[in-house]
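S.K.: Based on what follows, work out the 3D shape:
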Amino acid sequence: MKMQSTCTQGPRGVPLTGLGLIPAVAFLFAWCGCAGPRSSAAQERAGSSSPGDVRDTPSTPQSGRDPVATKAGAAEDPSGSSPAPGGRLPAQGTPAPPPASGGAPYPIHGFLSSSYRARWTSSADDRDLFEVLSLDLGDPARNAWTGHVMTRLEADLDGKSGRSSVFHDLNDTYDGAVTVKLYDAWMERRGLGVLDRVRLGRQTLWDTPVFAWFDGASAETKEMGARRLRLGAFGGVPVHVFESSHEGDLLAGTYAEAGPWPGGRVRLDYMRLEDEGQLGAHRNDLWRLGAWQSVAKHLRLEAAWTRLEEEDRDVSASATWWDPQADLTLRASWFRLLSTQKDLTPEVDPFFASLFDLFPYQQVQLLASKGLSEKVRVQAGTDVRRVSEDGDVGQYNRDFERYFATVTVQDLFPAGVIASATGEVWNSGASDIETWGLDLTRRFEKRLDVSAGSYYSLYKVDATTGQERDEVRTYYLRLRWKRTSAMTWDLRYELEDEDPEAFQTFRLGMSWRF
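M.R.: Model prediction:
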């Protein structure tokens, strides 16, 4: 039986001692001018957000291929990117163009993000420090092998939060105050015979039926024939950060995709998932069939179906239409969970241990965006969610309707303020709520942006504790200073006004691109 780790270890069990000075050294190193002006490419890449953990606002329910994987709430990852199951930082997307390497035979570029976070209520407080280091190794145009490494260090500055504290999270279960997590560490070779790429090491795949994070290998062929057939396979040991043993764990899969007709593409995936958990062994076989079709120039249709073991799991469909000349975009999406999700492997449902069964539901989202002029844009839409059986409605799985409209105005007043105002109507059970949100942003001297505003969440989920709260009004102030072409500082304060007490957060972050 595997247990949650209770000692401070690295990603592969290497003891971590004497690392408490790393965050301070990183701050000092960046501030002393080591991040001087770089090339124009570096300037385009500068300015990522603060990497500290955040309490996020699922005021718009998550759409996409696998809402089941995010049933604990639409919590954004700490770097401000898209949601990821299990609280993990998503891997970086397609890298931005690297800064000029000066002809280095094997260039290395990346970013370092440092963040201090303080949180407090009238009865508790918490202070933490975070470091995120991302490195891109090599140049695909010059080097046979390229790579990527991404790691995160978290330091608790004021001791562990007790289990009764609102700030208690999984990092408080370690013996030490400093923890390090390795998110990516892979090397890749492209153009190897019939293979388009081969990748070895700790890696992630996002276009599989469920999010795949594993230590192993993956490979994909080049497109073949008139039907543009492409095959792929992957396999290894899944990464479960808070487990002390990987014995009996397996993640493997294969897929085939093709363009069998003009404007269309289909893909069939199979995944095998095995896990030796505290509640017993799990063996899950997951299939997914997806299709995409472009109609004329401005309409795209998507549909998908997944099957888990002997049951159909979910179906989804979406349509997107856009007209560039009219500056108009319309989107409609639908998702339906067909069967109750019980105790499964963490990749299929990472939240069962704390949230238990997820019952069938369906959700529809409609969105329209229209530019009225060069300075004015209007966006409006609705989210409607229905649990299939009335008796299954509960925390983290509710019926609701949300209707909203947002108006954004550029260069408002002589000061050049960007103003965005949102009106919302929420219907949920016996609650009918009308509310508003506002954001005001002004740029000073091309290097400093100041934003202030407020938004409302009918349901808000704490990413660190998993607690769901309702009817939360959040006020915020943010300053973003681009000190050099490669370095950006970010300061943010939030006040969450709720009953029985207010929750306040202060974050100061620095991002250095090199």
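S.K.: What about the closest residue in space to Gln363 that isn't next to it in sequence, how many residues nearby?
M.R.: Distances taken as Cβ to Cβ, 6 or more residues apart in numbering put Arg385 closest to Gln363, at 4.5 Å, once the chain neighbours are dropped. Every C-beta, even on glycine, is put in place using the N, C-alpha and C of the backbone. The tally of other residues near Arg385 (other Cβ atoms under 10 Å) stands at 19.
S.K.: Over to Ala144?
M.R.: 11.
S.K.: Look at the residue nearest to it when sequence neighbours are not counted and give its secondary structure.
M.R.: Spatially, and ignoring its direct neighbours in sequence, Ala144 is nearest to Arg189 (6.1 Å; Cβ to Cβ, 6+ apart). Secondary structure, DSSP: H, G, I helix; E, B strand; the rest coil: Arg189 is strand.
S.K.: ok, Arg189 - how many residues close by?
M.R.: 16.
S.K.: ok, it touching Arg197?
M.R.: Yes - with contact defined as Cβ atoms under 8 Å, Arg189 reaches Arg197; the gap is 6.9 Å.
S.K.: just so I have it, where are all the helices in this structure?
M.R.: Assigned by DSSP state H, the helices in the chain fall at 22-29, 40-45, 352-355.
S.K.: Among those helices, which one carries the weakest average confidence?
M.R.: When those are ranked by mean pLDDT, helix 40-45 comes last with a mean of 33.
S.K.: Now stretch 266-284: buried residues?
M.R.: Val266, Arg267, Asp269, Tyr270, Met271, Leu273, Glu274, Asp275, Glu276, Gly277, His282, Asn284 (16 or more other Cβ atoms under 10 Å).
S.K.: same thing with stretch 106-113?
M.R.: For stretch 106-113, by 16+ other Cβ under 10 Å, it's Pro107, His109, Gly110, Phe111, Leu112, Ser113.
S.K.: could you give the mean pLDDT of it?
M.R.: On average, stretch 106-113 scores 96.
S.K.: how much distance is there from that stretch to the middle of the chain?
M.R.: Relative to the chain's own centre, stretch 106-113 is displaced by 21 Å; criterion: Cα atoms, centre = their mean, to the nearest Å.
S.K.: Stretch 170-188 now?
M.R.: With Cα atoms, centre = their mean, you get 17 Å for stretch 170-188.
S.K.: Report the backbone C-alpha coordinates of that stretch in CSV.
M.R.: These are the backbone C-alpha positions of stretch 170-188, laid out as CSV (Å, rounded to 0.1, in the frame of the first residue of the first chain):
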residue,chain,number,x,y,z
LEU,A,170,-0.5,18.9,1.1
ASN,A,171,2.8,20.7,1.4
ASP,A,172,2.2,20.9,5.1
THR,A,173,2.5,17.1,5.3
TYR,A,174,6.2,17.1,4.6
ASP,A,175,8.8,17.1,7.4
GLY,A,176,10.7,20.1,6.0
ALA,A,177,9.7,23.6,5.1
VAL,A,178,11.2,23.4,1.6
THR,A,179,9.8,21.1,-1.2
VAL,A,180,11.0,20.8,-4.8
LYS,A,181,8.9,19.3,-7.6
LEU,A,182,10.2,18.4,-11.0
TYR,A,183,7.5,19.0,-13.7
ASP,A,184,9.4,18.3,-16.9
ALA,A,185,12.8,16.9,-17.8
TRP,A,186,13.0,15.5,-21.3
MET,A,187,15.2,15.3,-24.4
GLU,A,188,13.7,15.1,-27.9
